[in-house]
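A.B. asks: below are the sequence and a predicted model for it; my questions follow.
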Amino acid sequence: MTCAKPHDALTVSSPGEDTPLGQLLVLLRSEDAVARDQAWSACYRQYGKLVWTRVFYVVRTIPNEPDPRETTADIVSTVFLGLPSAARAYREQGKAEQWLKRVAIRTALRYKESTTGVWNSGVRREARENDATIPRRSVTLEDVVEEVSALLDDADQADRRFEFRCRLDAWRADPAKSRWVRWVEMYCDGYSHEEIAAALGISAGGSRNWFKKITMALAERPLAREEKRQ
């Protein structure tokens with residue numbers, strides 16, 4: 001899918017960098033072709049890295065995969081090219097990001113099964129089907145999707161808290177970011193958005209917006225190894 005050309009009479013507001021994924025998925029179902037293309041481009045820009053990390057985690061578990069990164073790139077392309085169709089099945093329940101993560105993991109696991117015959121079992125599909133003595137797998141694809149998703153979410157959260165803590169001193173000294181310090185301290189201590197919002201006098205939605213901005217700030221300048229040791 002190609003990026004849309006400018007259009008003078010859009011019937012749907014053009015999505016920006018702050019447009020939530022749930023709204024982008026709704027726009028992917030729009031009858032306005034320009035809005036669909038713009039929403040698709042925004043999804044790719046904002047969530048390409050998230051999809052990549054989920055797919056790569058699965059691909060690197062495939063034995064003898066000749067080029068995991070190239071395979072990952074191909075699967076990521078498959079995920080995004082299929083996103084307009086997948087969005088038709090999306091229902092606005094829960095977090096859209098979690099839905100997209102599961103789509104990415106599911107697509108990667110299906111690729112793994114197509115090349116190895118398994119997604120999370122030591123018994124090849126062909127062997128199980130041809131030998132009645134081999135017990136049938138009780139773990140479903142969706143079970144594995146949930147397991148991988150939870151594992152990576154936990155790892156992401158731990159990494160993010162570590163990065164937040166490493167940046168606290170720098171943010172305390174930065175007048176533009178010192179207001180984030182209390183939010184970061186509470187987040188790293190495990191408080192929910194609702195609890196943080198009540199303490200800071202903002203809405204839960206405002207707390208989530210801070211989370212997004214602070215997370216984006218992590219990419220401004222990666223910490224040197226020496227800084228992380230301090």
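C.D. replies: Yep, it's here. Numbering: from 1, shown residues only.
A.B. asks: in this structure, which helix or strand is least confident?
C.D. replies: Every helix and strand in the chain was compared by mean pLDDT, DSSP states H and E; the lowest is helix 225-229, with a mean of 43.
A.B. asks: got the phi and psi for Leu29?
C.D. replies: No, residue 29 isn't Leu; it's Arg. Here is the backbone geometry of Arg29 (degrees, to the nearest 10): phi -100, psi 0.
A.B. asks: can you pull the contacts of it?
C.D. replies: Arg29 makes contact with 36, 84, 87-88 under the criterion CB atoms under 8 Å, 6 or more residues apart in numbering. (Each C-beta comes from the backbone N, C-alpha and C, glycine too.)
A.B. asks: give me the distance between it and Arg45.
C.D. replies: Taking CB to CB, to the nearest Å as the criterion, Arg29 is separated from Arg45 by 19 Å.
A.B. asks: assign a three-state SS to the residue most central in space within the chain, would you?
C.D. replies: With distances taken as CA atoms, centre = their mean, the chain has Leu50 as the residue nearest its mean C-alpha position (3.6 Å). Under DSSP: H, G, I helix; E, B strand; the rest coil, the three-state class of Leu50 is helix.
A.B. asks: ok, it to Trp99 distance?
C.D. replies: Distance from Leu50 to Trp99, by CB to CB: 12 Å.
A.B. asks: then Arg91?
C.D. replies: If you measure Arg91 against Trp99 using CB to CB, the figure is 9 Å.
A.B. asks: now swap in Glu194 and tell me
C.D. replies: Taking CB to CB as the criterion, Glu194 is separated from Trp99 by 22 Å.
A.B. asks: more crowded one of those two?
C.D. replies: The residue with the greater number of neighbours, taking Glu194 and Trp99 and applying other CB atoms under 10 Å, is Trp99; the counts read 20 against 11.
A.B. asks: mind listing what that one touches?
C.D. replies: For Trp99, the set of contacting residues under the criterion of CB under 8 Å, 6+ apart consists of 25, 90.
A.B. asks: now do the strand or helix carrying it: distance to the chain's middle.
C.D. replies: Secondary-structure element containing Trp99, defined by DSSP states H and E: helix 96-116. Remark: helix 96-116 is offset 12 Å from the chain centroid, using CA atoms, centre = their mean, to the nearest Å.
A.B. asks: before we move on, the earlier item: any chance of the contacts of Arg29 in CSV, plus distance to Arg110 and pLDDT?
C.D. replies: As requested, the contacts of Arg29 are exported to CSV (distance: CB to CB, whole Å; pLDDT from 0 to 100):
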residue, distance to Arg110, pLDDT
Arg36, 25, 91
Pro84, 19, 93
Ala87, 18, 91
Arg88, 19, 87
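A.B. asks: of those residues - the most surrounded one?
C.D. replies: Neighbour counts for the contacts of Arg29 (other CB under 10 Å) peak at Ala87, which has 22 neighbours.
A.B. asks: ok, back up a step: report pLDDT for the residue nearest to the centre of the chain.
C.D. replies: With respect to pLDDT, Leu50 has a value of 90.
A.B. asks: distance check, it against Ala204.
C.D. replies: With distances defined as CB to CB, the gap from Leu50 to Ala204 amounts to 22 Å.
A.B. asks: now do Val55
C.D. replies: Here the distance between Val55 and Ala204 works out to 31 Å (CB to CB).
A.B. asks: grab the nearest non-local neighbour of Met186.
C.D. replies: Residue nearest to Met186 in three dimensions, not counting chain neighbours: Ile196, with 4.8 Å by CB to CB, 6 or more residues apart in numbering.
A.B. asks: ok, residues contacting the host helix or strand of the one you found?
C.D. replies: When elements are assigned from DSSP H and E, Ile196 belongs to helix 193-200. Among residues not part of helix 193-200, those counted as contacts by CB under 8 Å, 6+ apart are 182-183, 186-187, 191, 202-204, 206-208, 211.
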